[in-house]
Every structure is written in C-alpha cells, then in structure tokens.
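Colleague: just a sequence and a predicted model for now, questions to come.
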Protein chains: 2
Amino acid sequence: MDKIIDGKKISLEIKDELKEEIKTFKTKPGLVVIQIGDDSASSVYVKSKQKSATEVGINFLHIKYESDVTEDEIIAKIKELNNDSSINGIIVQLPIPKGLNEKRIINSIAPIKDVDGLTYENIGKLISNTTSLISCTPLGVMELLSRYNVEISKKHVVIVGRSNLVGKPLINLFLNEDATVTICHSKTDDLKKYTETADILVVAVGKKGLITADMVNEGTVIIDVGINKIDNKLYGDVDFEEVYNKVSLITPVPGGVGPMTVAMLLKNTITSYKIMNTSK
Amino acid sequence: MDKIIDGKKISLEIKDELKEEIKTFKTKPGLVVIQIGDDSASSVYVKSKQKSATEVGINFLHIKYESDVTEDEIIAKIKELNNDSSINGIIVQLPIPKGLNEKRIINSIAPIKDVDGLTYENIGKLISNTTSLISCTPLGVMELLSRYNVEISKKHVVIVGRSNLVGKPLINLFLNEDATVTICHSKTDDLKKYTETADILVVAVGKKGLITADMVNEGTVIIDVGINKIDNKLYGDVDFEEVYNKVSLITPVPGGVGPMTVAMLLKNTITSYKIMNTSK
C-alpha cells in the first residue's frame, strides 16, 4: 500500500509538532468557533475541532447561538473577540442559517485572526502572494504533497472544481510553486481531455465516481478532496479501486485530505499567535 | 482586415457611451491620479488619462509628489480623498519610487474608490465573484471579447503570464463565464503544448515574438496584452504577421487592448459614482 498518501498519519505528525511548539509559548493560543443554529453535521465538526485543539494545547472556546440570532449581535461578538489578545483564531462554522449575511459576518473577523482564510483581505493576499492565513483544505493539500516530496514546479496540475473554498485558492497555491495549472468544472466540455494530461490531479467536486481509470494517465498523483456520504459510508470523487493501479500516489477517502483540514486550522492558529506575539 | 479586434474603435464607442451617461448625472464624477516622482512614461500615461477623463465629463485631479515624500503623507492625503464625496476614483500611478510600501499605500484607498481594482478587498471580491471594481486591463480584455461576441462558456482559454495585474484576475473573470482555464508562465515546460489547444489565447508576458504561428491552432482567438517598445516602435507578444492567417480574431499592438485600459478606468469611475450615489 505504498501508493497511499496517508493524511491521517501526516495530520497526527503535524499535531505532535504543534504540541511541542506550543510548549515553548509563554501563553496558550486561543481559538474560538462560533456556531449558529443546530446543524447536526456542524456539531460533529465543531466537536472534532475542539478535541484536536485541546490535544495540542490550544484554548478552545465554543460560542453557540440560536438560529434566530441577529447579524449585528454576532458581529458585535466578533468585534469583541477581535480586540481580545488571548484569542488568536476566530472561525464561523459554516453553513450558517439563511437570512444571515455570511460575507458580512466573515469579513468582520480581523484578518490576522481569520484562521479559515475566508476574509476578502486574506483571499486578496493569497492572490498577491503576500504572507497570509490560507484556507485550511487547500493548505492541507499542499502540505500533503510537500510531505510526500511530490515535485510541483513545472508540472501540469489539473484541478477539477472551482469552489471559492478549495479550487480557486489552489490555483494560486500551485502557481506560486511554478506549476502550470488548468482548472475544470461542471461546465467543462470533455473533462477527460484535461484530466489525462495531468501530472497532478486534484478533484474537489463532491460527485462519487467522477474520475474513472480511463481518465487518468499512468503515474499521475491524485488528490481526492471529495467527500460523498452514501448509506453512511464515505467515498471520494475518484474511483479509487479502479484508478489505484495506474497512479503513482493517491489519497484515500476517508483518511486523505479530510484529517488535514483540522490540522491546518490548528497550524493557522499558531501562525496567527506567532504574528500577534512578535509584532507587539 | 475583418479579423482585427479594433480596441481603438471600441474604446471610443465606450467613451461616447460614458459621456452620454454622465450627462444624466446631477454632479460630475471625480477621479484623482496620485503621481510620485518623475518617471517620464508615467507622465505620459497620466496625461492620457487626464485627456480621456476630461473628454467624457469626469473631473480630473492630478496630485503630484516629489519622490522624497513620506508614505504617511501620501496615506494621509488618500484618507482625506476617501472622505471627499466629490471623489469617486483614486489611483496611484505605478511604479512608485522604491522605499515606499506600495501595498500599504494601495490598501489605504477605500475599496469603493479603488478604480484600479488593486486593493486586497477588491481582489478578494473578484475571486468570490461578488460585485466589485475589477482591474482595468483584464476588464478591457473581457469587454473586447464581449463586444466581438466571442463565446467564452465551455471554451478552453489559455492565459500566458501570471501577473497579479493581468493574468491572475483573468483566471477568475474567465471562470466566472464558464471557460475551462489554463495558466502558463515563464516556468511552463513546452508552452506550445498548451497554446495549441486554446480556443482563446491571452498573452500577457512582455516578450516580443513569444507566440509564433506553429504554436496556435487554426481558428483561435488571440488577445495580445504585451507591449514591447523596441527602437521607438510598439510590438505585442504575438508574431502578428505570421499568426494572422491562422487565427479567427486577433488584437493588434498598438490599438488592441491598450486603449481599453483607460476606457475601463473611466467606466470603473462611473461604476463607483453610481454605487456611491445610490447607497446614500
């Protein structure tokens, strides 16, 4: 099974590294998750973040609002947290109830504490390749490739899926590392024409079985960001069994990119902590 | 010569349209250009902006600083202009003298008045596909394609050049119109492999003769953003004479994308004027 990119293992390594690093800090970093409403999947995600944060030594604060809370109330709380020097990371668990202006709420987070990398300022900084907090899932993808020593410079990277959260930030992360990048999506004609030319193929659509063996070249590296829950079982976007023999490396689902997202959230919190405590 | 995308002509049409629109406004829109130092090319560009702005009925203010001005002095002036309701657009003529922090100066411009589309907030909004002021040259490229009825949806667009000012914003503008996009650059291996698959090829590198006839397919639409001045004559990045017979449409240099940039600056100023005067 040496073709497997083991995100579970890497994420544990990263957490161990962060834990050691935090031991050298004078104070504990602080991370706040704001949850609005009662989405059950969200509650699971928040618990998982809480568990991981606590394990590495981050103070975790869970702020929960009923779904009838007003936008202004949330923003007032965020502003209070922006000014609280014990807090280094602030995230709003998505999705939030309809009727609340997500963009306005997210953009009230101080960019230095925006550990999900979702404010306009941090997205703009990513494009300009200036230091910033980068969205956790794309950052996790890059970290996996780096830890498996996958060469990116001059390679042809094909990204399938143009979401603001994954596909679009990845374009810039790969460009920054000198890859030639193609981005495909639901409106792409003849998807195979592009995927079969990829040295590295990243799939982030959310459609089980989208990528089949005939669509990839021998030796491709595949990163499967898709998570599809069917009959309580998780699948990626790539037909793993069928594709496995052709590729040189591939992430499984579950256990690939998924565990990296939380690890990168913790890493971003530490990054923010370090910036906040050196710029003083 | 019906394969020529005539940017000169289109830019005049746009200016006529803007002139008519401004006649219906209660007050004149205001545009400020801040110039620092004595770069002679910059002085030419500023004069050209002044001439066009005045022609369409925009109040044009030229603020000039010596190159030893401090960053704080410029930023104080920008803040004053941010608060001046008669001013709708503020641009800093680039390049500015070394030693001044360009990013800090640009990002002190209120995003609503950032008619060059260079603040982190406006770049971030472009990526998120929320309304915003978009950088003038990329916007000019899209306007040309639109006025020549070039279909973009489902087409393969290949962009050569990954600059923050042109290449990167274009990725998102084309994605927003459902193109499949590939971005190449100086580190791309075998550039021809990508350019010959393009339905629409945009070249923005600044290297005379970079794209030769053997690198493009029959029927391609070519947008040449390059401007190379050699012995006082202007050339694009595309070998125009050689490529002309193969393509279906092509922008000349000069007279292609160049004239569109100023037209889009005026258009952005009007956009900002309208937003400022309806949100009151």
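Modeller: All right, it came through fine.
Colleague: residue A:35 reaches residue A:95, doesn't it?
Modeller: No: the criterion here is Cβ atoms under 8 Å, and residue A:35 misses it with residue A:95 at 10.8 Å. Quick note: C-beta positions are derived from backbone N, CA and C, even for glycine.
Colleague: so where do the helices sit in the stretch 101-250 of chain A?
Modeller: All helices of the stretch 101-250 of chain A, identified by DSSP state H, counting those that start in this stretch, fall at A:102-106, A:120-127, A:136-147, A:167-176, A:191-195, A:240-243.
Colleague: least reliable of those helices by average pLDDT, please.
Modeller: Note on the helices of the stretch 101-250 of chain A: lowest mean pLDDT is at helix A:120-127, with a mean of 92.
Colleague: is chain B within reach of that one?
Modeller: Yes: using Cβ under 8 Å from any Cβ of the partner chain, helix A:120-127 reaches chain B at A:120-125, A:127.
Colleague: export the helices of the stretch 101-250 of chain A to JSON lines and tack on mean neighbour count?
Modeller: Formatted as JSON lines, those follow (neighbours: other Cβ atoms under 10 Å in any protein chain shown):
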{"stretch": "helix A:102-106", "mean neighbour count": "16"}
{"stretch": "helix A:120-127", "mean neighbour count": "25"}
{"stretch": "helix A:136-147", "mean neighbour count": "22"}
{"stretch": "helix A:167-176", "mean neighbour count": "23"}
{"stretch": "helix A:191-195", "mean neighbour count": "18"}
{"stretch": "helix A:240-243", "mean neighbour count": "16"}
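Colleague: for residue B:166, which of these is the nearest?
Modeller: helix A:120-127 (12.3 Å; Cβ to Cβ).
Colleague: ok, residue A:43 touching residue A:35?
Modeller: Yes: between residue A:43 and residue A:35 there is a contact at 7.3 Å, judged by Cβ under 8 Å.
Colleague: quick one: which of those two has more around it?
Modeller: residue A:35 (19 against 15; other Cβ atoms under 10 Å in any protein chain shown).
Colleague: the more buried one pairs with what?
Modeller: residue A:64 (DSSP bridges).
Colleague: quickly note the distance from it to residue A:70.
Modeller: As judged by Cβ to Cβ, to the nearest Å, residue A:35 and residue A:70 stand 16 Å apart.
Colleague: go on, residue A:228?
Modeller: 35 Å.
Colleague: neighbour-wise, which of the two wins?
Modeller: Ranked by neighbour count (other Cβ under 10 Å), residue A:228 and residue A:70 place residue A:228 first, with 16 against 11.
Colleague: what about residue A:151, how many neighbours?
Modeller: Around residue A:151 there are 12 other residues, counting by other Cβ under 10 Å.
Colleague: who's in contact with it?
Modeller: Shown in contact with residue A:151 (Cβ atoms under 8 Å, 6 or more residues apart in numbering or on different chains): no residues.
Colleague: now with 10 Å?
Modeller: Each residue near residue A:151 by Cβ atoms under 10 Å, 6 or more residues apart in numbering or on different chains is listed here: A:145, A:177, A:179, A:199-200, A:221.
Colleague: got it, and residue A:79?
Modeller: Contacts of residue A:79 by Cβ under 10 Å, 6+ apart are A:108-110.
Colleague: sec struct for residue A:91, please.
Modeller: At residue A:91, secondary structure determined by DSSP: H, G, I helix; E, B strand; the rest coil is strand.
Colleague: lovely, talk soon.
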